[in-house]
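Chemist: Predicted model follows, preceded by the sequence.
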Amino acid sequence: MRPPAESVTSVADRLLAWYDRHARDLPWRTGPAEIARGEKPDPYRVWLSEIMLQQTTVAAVKDYFAKFTKKWPDVGALAAASEDDILKAWAGLGYYSRARNLKKCADAVMADHGGAFPESSEGLRTLPGVGDYTSAAIAAIAFGEPVAVVDGNVERVVSRLHCVDTPLPEAKKQIRKLTQAMTPAGRPGDFAQAMMDLGATLCTPKRPACLHCPLRDDCRALDAGDPERFPVKPPKKAKPVRRGAAYVLTNPVGAILLEKRGDSGLLAGMTQVPTTGWTARQDGATDTSEAPLPAADWIACGTVGHVFTHFELRLDVFRAEGDLTPEVRQWWSAPETIAGEALPTVMKKVLVLALDHESQHDLD
């Protein structure tokens, strides 16, 4: 499993030389040229970007990263923010437990570490929301610890370099060992980012640009003529479909009834329109039997779908006009404030459908 020492050195040197020429310009990254001028990566920006990038694309993260760092330029500022404000700024990025853990982690850095991030992967793993991958990435990029950093891009590169036939996720331990063996003592952060860039730009899942790859002479999958076969993945399981209903109630002045979800579980602490009791494991009612104002003239608007990690949700959307006194955790949100609410993507879909349907109905 461990490649020869001369191969390790050759791979690292050639990959770093490629990275020095072709590194992506990313807003959270201190690139090779900046490092050569003596600039050092900011642990706060590295941490924030790594949390945002979990199961999310670079393109989706850029605007959120800019918004967060403008509003909260350092960990102290983020710790001073409320969880509600952080959730509002995060709305639409998905996997909302990450946003709640941002607040917990910032609080822990300030309270337990004097406002400075721990400088080792072991110390970083003690922080809320920081697991094996994130701790390794911060330690390598921000503090120069020669530790293996393995994300999906790196898994693909390493599994192709070494023709790792074991399917994921069983192969993860083997890939991590191989990556650790390849990681140089010098410039481990640049090496980690170079591996990520290689996987994102050349060693792509489909139609990899092998001709331009700096590691093509070392790639066993290329020698075998089938790099796209790696990494080997088990057959996909069909996601269960859950059903429910969502109710868009507007009052006579156009405000929309919103409520805050519970403090635990899926979309915890986020904002939604009232819905039925669907969960990842069970369906909710799909009619107006649980509507917040049952006597209102509820109009069916259609259905929205949204795919979560472990299931697909389909919500039948109803709208009506009426007035009521909000219950605990409910409030009326005026049209001009809706954009600033902590609405997850599925709820934005619900509102778009209901309000578009209302406009069409008015035209009719």
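Modeler: Alright, I've got the coordinates.
Chemist: Quick check: which ranges of this protein have low pLDDT?
Modeler: 1-9, 357-364 (pLDDT under 70).
Chemist: what about the strands in it?
Modeler: 241-250, 256-260, 271-272, 299-307, 312-321, 330-333 (DSSP state E).
Chemist: Residue 280: which of those strands is closest?
Modeler: strand 241-250 (6.8 Å; CB to CB). C-beta coordinates here come from the backbone N, C-alpha and C atoms, glycine included.
Chemist: could you give the angle of that closest one to strand 299-307?
Modeler: Here strand 241-250 points in a direction 130 degrees away from that of strand 299-307 (axes from the mean of the first three to the mean of the last three CA atoms, to 10 degrees).
Chemist: okay, the strands of the chain in CSV with mean neighbour count and distance to residue 170 next?
Modeler: What follows is the strands of the chain, written out as CSV (neighbours: other CB atoms under 10 Å; distance: least, CB to CB, whole Å):
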stretch, mean neighbour count, distance to residue 170
strand 241-250, 21, 28
strand 256-260, 20, 40
strand 271-272, 20, 38
strand 299-307, 15, 25
strand 312-321, 21, 26
strand 330-333, 16, 47
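Chemist: Adding distance to residue 120, write the ones you listed out as CSV.
Modeler: Listed next are these as CSV, based on distance: least, CB to CB, whole Å:
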stretch, distance to residue 120
strand 241-250, 42
strand 256-260, 38
strand 271-272, 38
strand 299-307, 37
strand 312-321, 40
strand 330-333, 45
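Chemist: of all those, which lies closest to residue 121?
Modeler: Nearest of the strands of the chain (CB to CB): strand 299-307, 32.5 Å.
Chemist: Which secondary structure elements does the closest one sit against?
Modeler: Applying 3 or more CB pairs under 8 Å, 6 or more residues apart in numbering; DSSP states H and E, one finds that strand 299-307 contacts strand 312-321, helix 345-363.
Chemist: Helices of the stretch 51-200 of the chain, residue ranges please.
Modeler: With helices called from DSSP state H, counting those that start in this stretch, the stretch 51-200 of the chain shows them at 58-71, 75-80, 83-90, 97-113, 121-124, 132-143, 152-161, 172-182, 188-201.
Chemist: Of those, which is nearest residue 252?
Modeler: Proximity to residue 252 (CB to CB) singles out helix 83-90 among the helices of the stretch 51-200 of the chain, at 26.4 Å.
Chemist: can you put the helices and strands packed on strand 299-307 in JSON lines and add distance to residue 252?
Modeler: Formatted as JSON lines, the helices and strands packed on strand 299-307 follow (distance: least, CB to CB, whole Å):
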{"stretch": "strand 312-321", "distance to residue 252": "7"}
{"stretch": "helix 345-363", "distance to residue 252": "14"}
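Chemist: mind checking which of these is nearest residue 185?
Modeler: Smallest distance to residue 185 across the helices and strands packed on strand 299-307 (CB to CB): 42.7 Å, for helix 345-363.
Chemist: thinking residue 324 is in contact with residue 294, fair?
Modeler: No. The pair residue 324 / residue 294 is not scored as a contact, 10.6 Å apart, by CB atoms under 8 Å.
Chemist: how close does residue 193 sit to residue 16?
Modeler: 10 Å (CB to CB, to the nearest Å).
Chemist: Same drill for these two, tell me which one is more crowded.
Modeler: residue 193 (24 against 18; other CB atoms under 10 Å).
Chemist: For that one, give me its contacts.
Modeler: Residues in contact with residue 193 (CB atoms under 8 Å, 6 or more residues apart in numbering) are 19, 23, 29, 141.
Chemist: Scan those residues and report the most crowded one.
Modeler: Tallying neighbours with other CB under 10 Å puts residue 141 at the head of the contacts of residue 193, with 26 neighbours.
Chemist: so how far is residue 16 from the nearest residue to that one once chain neighbours are set aside?
Modeler: Nearest in space to residue 141, with sequence neighbours left out and distances taken as CB to CB, 6 or more residues apart in numbering, is residue 189 at 3.7 Å. Applying CB to CB, the value for residue 189 to residue 16 is 11 Å.
Chemist: Repeat that for residue 221.
Modeler: 22 Å.
Chemist: same question, residue 252
Modeler: Separation of residue 252 from residue 16 (CB to CB): 65 Å.
Chemist: sorry, back to before: can you redo the contacts of residue 193 as a markdown table with distance to residue 40?
Modeler: Listed next are these as a markdown table, based on distance: CB to CB, whole Å:
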| residue | distance to residue 40 |
| --- | --- |
| 19 | 17 |
| 23 | 16 |
| 29 | 12 |
| 141 | 10 |
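Chemist: which one of the residues you listed is nearest residue 54?
Modeler: The closest of the contacts of residue 193, once distances to residue 54 are taken by CB to CB, is residue 141, at 15.1 Å.
Chemist: for that closest one, what are its contacts?
Modeler: 41, 46, 149, 189, 192, 193.
Chemist: Quick one: which of those residues is the most crowded by neighbours?
Modeler: residue 149 (29 neighbours).
Chemist: which residue sits closest to that residue, ignoring its sequence neighbours?
Modeler: residue 192 (3.7 Å).
Chemist: Verify the contact between that neighbour and residue 183 for me.
Modeler: Yes. Taking CB under 8 Å as the definition, residue 192 is a contact partner of residue 183 at 7.4 Å.
Chemist: Show me the common contact partners of the two, please.
Modeler: Joint contacts of residue 192 and residue 183 (CB under 8 Å, 6+ apart) are 140, 149.
Chemist: can I see the domain layout of the protein?
Modeler: Following automatic domain parsing, one finds the domains of the chain at 5-229, 241-363.
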